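S.K.: Pasting a predicted model and its sequence here:
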Amino acid sequence: MTTDLNSSPLSASQQERLAELLDGISEGQLFWLAGFLAGKCAGGSGSTGANIADAENAFQPVAPELTILFGSQTGNTEELAQQLAARAADKGVSAKLLDMADYKPKQLKSEQYLAVLASTHGEGDPPDNALDFHEFLHGKKAPKLVGLRYSVLSLGDSSYEHFCKTGQDFDSKFAALGATAMVERVDCDVDYEDLAEDWINRVLEAIVSEAGANQPTAASSVTAEQAPASIYSRKNPYTAVILTNQLLSGRGSDKEVRHIELSLEDSGLTYKPGDAVGVYPENNPTLVGELLNALGFDGEQRVSVDECEVSLREALAFYREITLLTPPLMKHWADLANDDALNALVADSTELRAWTEGRDLLDLIQAWPIAKLAPQELVNLLRKLPPRLYSISSSQTAVDDEVHITVAAVRYSSHGRDREGVASAWLSDRMGEGDQMRIYIDPNKKFALPDDSKPVIMIGPGTGVAPFRAFLQEREEREAEGENWLFFGDRRFRSDFLYQSEWIKWRRDGLLTKLDVAFSRDQAEKRYVQHCLKENSADVWAWLQRGASLYVCGDAEKMAPDVHQALLDIASEQGGLNPEQAEDYLRQLNRDKRYQRDVY
Amino acid sequence: MSEKLPEAEVIKRKSNYLRGTILDGLADRTTGSLPEDDTKLTKFHGSYQQDHREVRDERRRQKLEPLYQFMVRLRLPGGVLTADQWLGLDKIADECADSTLRLTTRQTFQFHGVFKEQMQPFMQKIHALGLDSRGACGDVNRNVISNVNPHQSQLHGEIHELSLAISERLRWRSAAYAEVWLGEECVQKLGEEEEPFYGYKYLPRKFKIALAVPPENDCDVFANDIGLIAIVEAGQILGFNVVVGGGMGLTYGDPATYPRLATMAGYVPKEQIVDACEAICAIQRDFGDRTNRAHARFKYTIDDYGMDWFRERFVENHGQAFEKPRSFSLSHNGDRFGWVEGEDGNQHLTLLIPTGRVADTENGLLRTALRKIAEIHDGSFRITCNQNLVIANVSPKNKAAVDAIVEEYKLDAGNRSSPLRQNSMACVALPTCGLAMAEAERFLPEFVTRVERAMAKEGLEPDAINLRITGCPNGCARPYLGEIALTGKAPGKYNLYLGADFSGQRMNRLYRENIDTDTILSELRPLFRAYQQQREAEERFGDFLVRAGIVEQERTPAMLHQPLK
């Protein structure tokens, strides 16, 4: 382009400014500019405003192009990306919606507007489908992105140390590569809805005001399927009746895992194997009572919550998170408490993490009471009580208007008090057959069965086995001929073998081709699923060579990395790959959707 | 023999001399069970696959398979073991089973709650103690039982030697046992030579042998396929009267099945007795009915072919005929409790072990106490055929030490209990036995208490009555030889049998069918009153019922099926 400019009638400084303008300009921008300039030529030297209007009328300028990339393990981020795409169309912005894993990073240079929605996992890790893109941007091949207008919406959970880190990574990298943020990055906590909605609006406004688009475009090239036509959603959950709440853990187990069946009757909700159910839980009323006592508040006092009037007790029971202490909350609390020790604590993130670990709001109130805290002030300080996601353990093809989940009660003791997981304890202790609960379906396209003819290897210790029950129910109903191999593990064979009788029946019937188990506490040496995998190296490799897809579900902290390592070892041993090649092999499997994980 | 063979018969024949696929099944970690066919074979190896029935429904709802576990029974001819073996078994109960030892009516130990993964360690541990479980169940000769007669040291020694010899002669021999349990390599297949006596078909059904030394009939000699009644002169065993075709089981509703007391065949000199047992067992092996397992016991072979036929076959096999039976007299089939001194000056203490269960419970530390005794004991132990225990051959110098432990743990509490309780016996039944229809072991203590009360009302506390309870009609506690007997029909419901004698020589008959405990007691009360009022001196309860015409003298198979009332 520079060569072209040299031969132009423009002055050197004009050339420079034009070069700057053209560097990194997207195809769409270029087309618009072409039209604009053509209008200029045709309209002579009249008033600029009128001419622009004429140009738009005369040349039907190409709508601004927005590329929307999402990277997430669960469906929330994708859903928001879909919302953005749909809203863009209304505003006359041509939007292209893509899973980050499906995006070719080379296209970055020609993007005009880019919206990135990314969640963060574990220790600040990008989700699986964002790994490649994240790595590309941070690598040597990353191009200069001067001229790119972008914005990042990051999703996370402020109770984790590396809150929203992936989104922050993207944001700072885009900036470093020369791109300009059209709207400042927004970091969303688990109660993301309002912030996300606001971000979507602002992004679209920014594009429209910059590019001047105003005609609704035809449906954008949304690659994802449209969400099912139910009126129920995360924002408008369905009230489902519990049909069964059955303890699965046998006598002598030190776990408490439940099988819960819910009715979806008339809800219109549909789901696929691999999807999750979002559940709105209730805080333990005893803890709420203790909080009210500690604060000296009247639970019947009215407060305003999300534009509704409710009693303080209800607000704390249903609408606010009281069992986790997030850094933002701690900082707000420190501002109010004005205590040197607390100020020092929140100033040191390591110390702060150490203190908040295993503590809740009651501990905070007892440690640093605030004299003149008003009930409404307290409510405003707290995060929304987020829904909990449970992998669905049934196939709708098999169970019709039911949905099944598998819930392990979380109970522990810390700092001299017994504590529990909000939703799991609520489902275990206080929800019985006939009770109602608010739910929605959280689709997960990152964890879906392959073609019926393909073999699948499922690795799901503990409650991680839930989606595989859905898989087998589905494959049984579909009479899918692909082979199925399940690796299950837990503590004890006799009490913790979740859905044992069903697996055994399926194996007898021939649906479950292979079943391998590891029980860690049944022998002196701990045995886990990865040991099982290694023992079956040759077969696992042979299945992979036959096109098998790998699924891993369950614990993200230990199990998933251990299983990953075992798979690397298998690829090395059986496939003769060096460590780097083995990593590439698994990454390729992941790209081909043959290595899918649902870990948490 | 063109009829279709029962499944169990086919599985046995196809099993490659009891190997089947047991090893593969043991290696399968996804289930606590073995494939069904293999569970038929493990019986020959001494174990029954069972499940904890009380949690069966709970686990079904929990989507867990039944709580599979194995009962393992040892081969322990004559019920004799050393103190070291006792200590070893006591330890194994904790390491591999449910921390109890169960003494059985065939003078051996049953271990309950052995999980599949513990089966091989278990078998290896008992092997290290010089014990095995070969043929403790299955279609072979079962544990050979014999009189414990502690007071006659020399006779006991001889009887025990013979029990061992008979058991050894009729032991199954396939290398399957060593391969499956002891980790030995599969040897080159020997084929027919693996089982020179049994062959690949083994026996049509279980086969039981007992040795009695009159006047004691603690082994219920007539309830066995072969009963050997010692003929003793001047303290020497000369030989045995041989009775054949006894057996206890029946099937409800099938009048073609019945318990039967063994028939006198004749006398065999001591030197020939092991050969004679083999010759008799061979008749059953060759002629027993393999087409119908409910008709496969030796008692039906004897009834189908007759005693004359049997004697001819015996001569063919043995080369000699039976001699005329010698006279003998049996007085009781219970145990005598407390200390007795043997001819050699050693001391023997017989202890009542309630329902044979050696366990530490809130009622007492029985297992601990017996372990302490075993630790200091310089003699041996003998399990009686009534599930009790003899601490045998205590040297005079050790008696005080044993007594101190007995005193400390109140080990002789049972010995001071009522004569009724001392003469009561129950099988294991619920929750582990797959055949049980009602409680037995766990029901007996409270039931005895109620009967004691009913007897006390009539002033009958000092009287011994032989009482037996089983959870099903198959006869583990030899119920058809109880003066009062119950067999389970349904939870809380039993058949009531009355009218056996006190010495195991006359069976009872079905008195009332399918009744609950209250009804049983209301049936017994008037009979106790009549007994108290009308009995003759020294007359036993069962004998009184017969003499008074309440129960007939003769027994027909139908009487075991048709209630009198």
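M.R.: Nice, I can see it.

S.K.: residue contacts, the closest residue to A:Glu481 other than its chain neighbours?
M.R.: Nearest non-adjacent residue to A:Glu481, counting by C-beta to C-beta, 6 or more residues apart in numbering or on different chains: A:Ser453, 5.9 Å away. (C-beta placed from N, C-alpha, C; glycine too.) By C-beta atoms under 8 Å, 6 or more residues apart in numbering or on different chains, A:Ser453 lies in contact with A:Ala480, A:Glu481, A:Gly482.

S.K.: could I get those residues as JSON lines with secondary structure, distance to A:Leu177 and pLDDT?
M.R.: Listed next are those as JSON lines, based on DSSP: H, G, I helix; E, B strand; the rest coil; distance: C-beta to C-beta, whole Å; pLDDT from 0 to 100:
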{"residue": "A:Ala480", "secondary structure": "coil", "distance to A:Leu177": "46", "pLDDT": "97"}
{"residue": "A:Glu481", "secondary structure": "coil", "distance to A:Leu177": "49", "pLDDT": "97"}
{"residue": "A:Gly482", "secondary structure": "coil", "distance to A:Leu177": "43", "pLDDT": "97"}
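
S.K.: in the chain, what spans have low per-residue confidence?
M.R.: By default, I'm working from chain A. By pLDDT under 70, the low-scoring segments of chain A are A:1-9, A:24, A:26-62, A:213-229.

S.K.: um, chain B though
M.R.: Counting by pLDDT under 70, the ranges of chain B that qualify are B:1-3, B:187-190.

S.K.: Close to chain A: what parts of it are there?
M.R.: B:29-32, B:55, B:58-65, B:67, B:115, B:117 (C-beta under 8 Å from any C-beta of the partner chain).

S.K.: Tell me the spacing between the residue nearest to A:Glu481 and chain B.
M.R.: The gap separating A:Ser453 from chain B is 26 Å, by C-beta to the nearest C-beta, to the nearest Å.

S.K.: quick one, strands of the stretch 1-150 of chain B?
M.R.: For the stretch 1-150 of chain B, applying DSSP state E, counting those that start in this stretch gives strands covering B:47-51, B:68-73, B:80-82, B:101-103, B:109-114, B:145-146.

S.K.: of the ones you listed, which approaches A:Ala196 most closely?
M.R.: strand B:68-73 (52.7 Å; C-beta to C-beta).

S.K.: Quick one: residues in contact with the closest one.
M.R.: Here strand B:68-73 has contacts from B:31-33, B:42, B:46-52, B:97, B:104, B:108-116, B:119, B:122-123, B:133, B:136-137, B:143, B:428, B:432-433, using C-beta under 8 Å, 6+ apart.

S.K.: Now the residue nearest to A:Glu481, what are its backbone angles?
M.R.: Main-chain torsions, A:Ser453, degrees, to the nearest 10: phi -80, psi -10.

S.K.: and the closest residue to chain A within the stretch 151-300 of chain B, what element?
M.R.: Residue nearest to chain A within the stretch 151-300 of chain B (C-beta to the nearest C-beta): B:Gly183, separated by 17.3 Å. B:Gly183 belongs to no helix or strand when assigned by DSSP states H and E.

S.K.: Just give me the longest strand of chain A.
M.R.: Criterion DSSP state E: the longest strand present in chain A is strand A:238-247.

S.K.: is the next helix or strand after that one up against chain B anywhere?
M.R.: Per DSSP H and E, the first helix or strand lying C-terminal to strand A:238-247 is strand A:257-263. Yes. Using C-beta under 8 Å from any C-beta, strand A:257-263 reaches chain B at A:His259.

S.K.: Can you name every helix or strand that strand A:257-263 contacts?
M.R.: With contacts taken as 3 or more C-beta pairs under 8 Å, 6 or more residues apart in numbering or on different chains; DSSP states H and E, strand A:257-263 sits against strand A:238-247, strand A:402-408.

S.K.: could you give the angle of the helix or strand just after it to strand A:402-408?
M.R.: Later in the chain than strand A:257-263, the nearest helix or strand by DSSP H and E is strand A:276-280. Interaxial angle, strand A:276-280 versus strand A:402-408 (axes from the mean of the first three to the mean of the last three C-alpha atoms, to 10 degrees): 70 degrees.

S.K.: Which positions in chain A make contact with chain B?
M.R.: By C-beta under 8 Å from any C-beta, the part of chain A that sits against chain B consists of A:246-251, A:259, A:493-495, A:497-504, A:507, A:515-517, A:519, A:522.

S.K.: I'd like the contacts of A:Ser453 laid out as JSON lines, including neighbour count and distance to B:Tyr267.
M.R.: Formatted as JSON lines, those follow (neighbours: other C-beta atoms under 10 Å in any protein chain shown; distance: C-beta to C-beta, whole Å):
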{"residue": "A:Ala480", "neighbour count": "20", "distance to B:Tyr267": "74"}
{"residue": "A:Glu481", "neighbour count": "10", "distance to B:Tyr267": "72"}
{"residue": "A:Gly482", "neighbour count": "19", "distance to B:Tyr267": "74"}
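
S.K.: got the buried residues for stretch B:414-427?
M.R.: Buried residues in stretch B:414-427, counted by 16 or more other C-beta atoms under 10 Å in any protein chain shown: B:414-415, B:417-427.

S.K.: So for stretch B:226-240, first residue to last residue, what's the gap.
M.R.: Using C-alpha to C-alpha, to the nearest Å, the end-to-end distance of stretch B:226-240 comes to 11 Å.

S.K.: for it, the distance to its chain's centre please.
M.R.: Centroid separation for stretch B:226-240 versus its chain: 22 Å, with C-alpha atoms, centre = their mean, to the nearest Å.

S.K.: coming back round to it: orientation of the longest strand of chain A relative to strand A:276-280 in degrees?
M.R.: Here strand A:238-247 runs at an angle of 100 degrees relative to strand A:276-280 (the same axes, to 10 degrees).

S.K.: could I have strand A:238-247 exported to PDB, CA atoms only?
M.R.: Listed next in PDB are the C-alpha coordinates belonging to strand A:238-247 (Å, rounded to 0.1, in the frame of the first residue of the first chain):
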ATOM      1  CA  TYR A 238     -38.600 -23.000  35.800                       C
ATOM      2  CA  THR A 239     -40.100 -24.200  39.100                       C
ATOM      3  CA  ALA A 240     -39.500 -28.000  39.000                       C
ATOM      4  CA  VAL A 241     -41.000 -30.600  41.300                       C
ATOM      5  CA  ILE A 242     -38.600 -33.100  42.900                       C
ATOM      6  CA  LEU A 243     -39.800 -36.600  41.900                       C
ATOM      7  CA  THR A 244     -37.100 -38.600  43.600                       C
ATOM      8  CA  ASN A 245     -34.300 -37.700  46.000                       C
ATOM      9  CA  GLN A 246     -32.400 -40.900  46.600                       C
ATOM     10  CA  LEU A 247     -29.200 -41.400  48.500                       C
END
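
S.K.: if we look at that strand, which residues are touching it?
M.R.: So strand A:238-247 is contacted by A:230, A:232, A:256-265, A:267, A:269, A:402-403, A:427, A:431-440, B:61-63 (C-beta under 8 Å, 6+ apart).

S.K.: Separate out the buried members of those residues.
M.R.: Buried by 16+ other C-beta under 10 Å: A:232, A:256-264, A:267, A:269, A:402-403, A:427, A:431, A:437-440, B:62-63, out of these.

S.K.: circling back: okay if I get the helices and strands packed on strand A:257-263 as JSON lines plus distance to A:Gln112?
M.R.: Putting the helices and strands packed on strand A:257-263 into JSON lines (distance: least, C-beta to C-beta, whole Å) gives the following:
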{"stretch": "strand A:238-247", "distance to A:Gln112": "39"}
{"stretch": "strand A:402-408", "distance to A:Gln112": "42"}
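
S.K.: ranking these by burial, who's on top?
M.R.: Most buried of those by mean neighbour count (mean count of other C-beta atoms under 10 Å in any protein chain shown) is strand A:402-408; its value is a mean of 23.

S.K.: Let me know the angle separating it from strand A:257-263.
M.R.: Using the same axes, to 10 degrees, strand A:402-408 lies at 160 degrees relative to strand A:257-263.
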